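Trainee: sequence first, predicted coordinates after that:
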Amino acid sequence: MWDVFNEPQGAIQSPTDRMDNLVVNVLGNIREKSRKRDYDMQTTHSRFEPQQPLGGEADVRTTAAPNHLKSRKHGVLSMYSDTKQRMKQHAREYDFMPFLQAARRNPSRSALPDDKAKKRGRRATVFSVTGDEYTGEWLDNKKHGRGTQVWKKSGSIYNGEWKMGKRDGFGTYSVLVPDTKTYAKKYCGEWKNGMKHGHGTFLYHRCSVYEGQWSEDQRSGWGRMLFNGGDTYEGDWTKDKEHGLGIRRYANGNWYEGSWRDGKKNGKGKLYYCDRGHLYEGLWVRGEPKCGTLEDFGGDHAAQPAKCPIPQVKLADMEMVLQEAHLAHLNC
């Protein structure tokens, strides 16, 4: 039996051309084998034909060919016809079918129960193995939408929006006060990817409050901070520290306006000593004044005016100073 799927080697051909070449090769093999079998049948049949004797008289004995040899040619032709029909039918189907079978897209039987078991929509309270509980909306077995999460170990609670298992959107985070067994708000504002991000208000210990912009759980952007001692800061923040331009008002009435860096005065700035009636304006480095001027500023109304006022400095002879400066410039 010849290999009907043996394809010629060569350049890449279209499915129709490949099928035509396959049919031609198969039919050629069939014809060649059919001719060879016909020749074998004729050679075998000649053995049983009556032969002329040496004397010239015909031999009256005749022997017919066996029945299996008579039907041999008919069987070859029948096989040739059937094979041709099958190859034509295969060629018609070949033009409409790809080489490879399409991948199976239907989910397996084991995947269907797992997909149905995923939590979706709003559900009742769900308890975890750690004792935490969640009540709210789900999507693909993850917290998604509005919901309330209670942590058993810390006693804290979050009520707000979720996205794919993380706090995302607007929400309120509260902690449990052990003495009163009540919840106190800790943060109220925007969240992203489980962290404080956007505008929000955070309440620190000892009544310190921050209201402003957040980025990845850190104060970043514009914000206002009320410290527990009574000081206030309003201005720019970066990585949880005062950084940029801002104003800090102290509890004693003094206030600083200028540049900040890593939580300290740095750069140009003004410090108003309202309790003494002085004003310092100049350059600051890491929270310390380095170069500037100090002058009186509302000393008459100061709570603790200086005992010795700052004397006013004047030039004794302005024209002489200018001439000396001009001569020094020409000599250079």
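Mentor: Right, received. Where do you want to start? Residues are numbered from 1 along each chain as shown.
Trainee: excluding chain neighbours, what is closest to residue 267?
Mentor: Among residues not flanking residue 267 along the chain, residue 259 sits closest, at 3.1 Å (C-beta to C-beta, 6 or more residues apart in numbering). For the C-beta atoms, the positions are set from N, CA and C on the backbone; glycine is no exception.
Trainee: need the pLDDT of the one you found.
Mentor: Looking at residue 259, its pLDDT is 94.
Trainee: same check, this time on residue 89
Mentor: pLDDT recorded at residue 89 is 66.
Trainee: ok, for residue 161, nearest residue in space, not its chain neighbours?
Mentor: In space, residue 161 is closest to residue 169, 2.9 Å off (C-beta to C-beta, 6+ apart).
Trainee: helix, strand, or coil at the one you found?
Mentor: strand (DSSP: H, G, I helix; E, B strand; the rest coil).
Trainee: can you tell me how far it is from residue 191?
Mentor: Separation of residue 169 from residue 191 (C-beta to C-beta, to the nearest Å) stands at 6 Å.
Trainee: mutual contacts of those two, please.
Mentor: 160-161 (C-beta atoms under 8 Å, 6 or more residues apart in numbering).
Trainee: the two - which one has more neighbours?
Mentor: Each of residue 169 and residue 191 has its neighbours counted (other C-beta atoms under 10 Å); residue 191 has more, 26 against 14.
Trainee: which parts of the stretch 201-332 of the chain are helices?
Mentor: Assigned by DSSP state H, counting those that start in this stretch, the stretch 201-332 of the chain shows helices spanning 318-331.
Trainee: tell me where the model's unsure across it.
Mentor: By pLDDT under 70, the low-scoring segments of the stretch 201-332 of the chain are 298-316, 329, 332.
Trainee: please enumerate the strands of it.
Mentor: 209-215, 218-226, 232-238, 241-249, 255-261, 264-273, 278-285, 288-296 (DSSP state E, counting those that start in this stretch).
Trainee: export these to JSON lines and tack on distance to residue 175?
Mentor: JSON lines is the format used below for the strands of the stretch 201-332 of the chain (distance: least, C-beta to C-beta, whole Å):
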{"stretch": "strand 209-215", "distance to residue 175": "15"}
{"stretch": "strand 218-226", "distance to residue 175": "19"}
{"stretch": "strand 232-238", "distance to residue 175": "23"}
{"stretch": "strand 241-249", "distance to residue 175": "24"}
{"stretch": "strand 255-261", "distance to residue 175": "30"}
{"stretch": "strand 264-273", "distance to residue 175": "31"}
{"stretch": "strand 278-285", "distance to residue 175": "38"}
{"stretch": "strand 288-296", "distance to residue 175": "38"}
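Trainee: mind checking pLDDT for residue 28?
Mentor: 72.
Trainee: quick one: neighbours of it, just the number.
Mentor: Around residue 28 sit 10 other residues, with neighbours defined as other C-beta under 10 Å.
Trainee: surely it is in a helix?
Mentor: Yes: looking at residue 28 with three-state DSSP, it is inside a helix.
Trainee: show me the contacts for it.
Mentor: So residue 28 contacts nothing (C-beta under 8 Å, 6+ apart).
Trainee: partners of the residue nearest to residue 162 when sequence neighbours are not counted in the sheet?
Mentor: Among residues not flanking residue 162 along the chain, residue 143 sits closest, at 4.1 Å (C-beta to C-beta, 6+ apart). Using DSSP bridges, the beta-bridge partners of residue 143 come out as residue 138.
Trainee: same question, the one 5 residues further on
Mentor: Per DSSP bridges, the residues bridged to residue 148 are residue 135, residue 159.
Trainee: restricting to C-alpha, output stretch 216-225 in CSV.
Mentor: Taking C-alpha atoms only, stretch 216-225 is exported to CSV below (Å, rounded to 0.1, in the frame of the first residue of the first chain):
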residue,chain,number,x,y,z
GLU,A,216,1.4,56.6,48.0
ASP,A,217,0.6,57.0,51.7
GLN,A,218,2.8,60.1,52.1
ARG,A,219,1.9,63.8,52.3
SER,A,220,2.8,65.2,48.9
GLY,A,221,1.6,68.4,47.1
TRP,A,222,-0.3,71.2,48.8
GLY,A,223,-1.5,70.7,52.4
ARG,A,224,-2.2,72.3,55.7
MET,A,225,-0.9,70.9,59.0
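Trainee: buried sites along it?
Mentor: Neighbour-count burial for stretch 216-225, with 16 or more other C-beta atoms under 10 Å as criterion, is recorded at 219-220, 222-223, 225.
Trainee: list the contacts for the nearest residue to residue 207 once chain neighbours are set aside?
Mentor: Closest residue in space to residue 207, ignoring its immediate chain neighbours: residue 228 at 5.3 Å, by C-beta to C-beta, 6+ apart. Shown in contact with residue 228 (C-beta under 8 Å, 6+ apart): 204-208.
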